[in-house]
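In: For reference, the sequence and a predicted model appear below.
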Amino acid sequence: MGTTIANPENIQAELQKLKSFYEAQQKVLLDQQEEAERIAAEKREAEQVANRVERHAEADASARQLMIHTAAIDKLLAEVSEHLRSRVELAREIRRIAPEKWGAGNVFEHNSAPSSAITHSGVGYYLRMPVRGGLSLTEHDLKFLQVFDLTAPKARKTA
């Protein structure tokens with residue numbers, strides 16, 4: 001049934017040859033496997049580098065866009081600050097000109113109305129302020145200025 005070895009004294013030598021052959025084949029296979037793993041690792045690393053470069057380029061573009069919005073916000077906040085200053089000065093002027101009609105005290109100098117308007121606009125969300133409620137500045141100011149004629153004066157005809 002099985003293979004017989006002609007010379008039983010050489011069994012040990014034949015086994016040693018087979019063992020050496022299998023060890024050599026196993027080493028070849030291990031070397032091939034290591035080479036395949038090294039190539040796969042190099043390929044993965046190259047892909048990761050390419051992916052990283054692409055992600056960094058995308059992040060750079062997003063950062064540039066963010067700075068555009070930041071500059072716009074700074075510009076708008078400077079404008080808002082100027083309008084708030086004008087609002088306070090005009091309220092003082094109205095109070096000085098017509099104190100008998102003025103019933104708002106110095107409410108226009110308080111920070112509660114602008115804070116409420118920030119909440120109302122949704123900006124409060126980004127400032128960790130309440131996200132609901134609040135009045136717009138227009139709604140707030142109309143409560144106190146309803147005694148005044150707020151319609152635009154008609155333009156005079158010049159002949």
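Out: Good, I have the coordinates.
In: use CA for all of it now, contacts and neighbours both
Out: Noted.
In: show me where pLDDT drops low in the protein?
Out: Scanning the chain with the threshold set as pLDDT under 70 gives 1-8, 130-133, 152-159.
In: Mind doing that once more with 90?
Out: For the chain, the stretches with pLDDT under 90 are 1-17, 52-53, 55-63, 65-66, 71, 77, 98-159.
In: Longest helix in it, by number of residues?
Out: Of all the elements of type helix in the chain, the one with the most residues (DSSP state H) is helix 11-97.
In: So which elements touch that one?
Out: With contacts defined as 3 or more CA pairs under 8 Å, 6 or more residues apart in numbering; DSSP states H and E, helix 11-97 has no helix or strand neighbours.
In: what's the distance between that helix and the middle of its chain?
Out: A distance of 15 Å separates the centroid of the chain from that of helix 11-97, by CA atoms, centre = their mean, to the nearest Å.
In: and if you look at stretch 102-122?
Out: That offset, for stretch 102-122, works out to 30 Å (CA atoms, centre = their mean).
In: Return the set of buried residues in it.
Out: Neighbour-count burial for stretch 102-122, counted by 16 or more other CA atoms under 10 Å, picks out 102, 108-109, 113-122.
In: ok, back up a step: going on from the longest helix of the chain, what's the next piece of helix or strand?
Out: helix 112-121 (DSSP states H and E).
In: May I have that next one exported as PDB, CA atoms only?
Out: Provided in PDB are the C-alpha atoms of helix 112-121 (Å, rounded to 0.1, in the frame of the first residue of the first chain):
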ATOM      1  CA  SER A 112     -31.300  93.500  27.800                       C
ATOM      2  CA  ALA A 113     -32.800  94.600  24.500                       C
ATOM      3  CA  PRO A 114     -29.800  93.800  22.400                       C
ATOM      4  CA  SER A 115     -29.300  90.500  24.300                       C
ATOM      5  CA  SER A 116     -33.000  89.700  23.600                       C
ATOM      6  CA  ALA A 117     -32.500  90.600  19.900                       C
ATOM      7  CA  ILE A 118     -29.400  88.300  19.700                       C
ATOM      8  CA  THR A 119     -31.500  85.500  21.200                       C
ATOM      9  CA  HIS A 120     -34.300  86.300  18.800                       C
ATOM     10  CA  SER A 121     -32.000  86.200  15.700                       C
END
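In: Perfect, that will be all.
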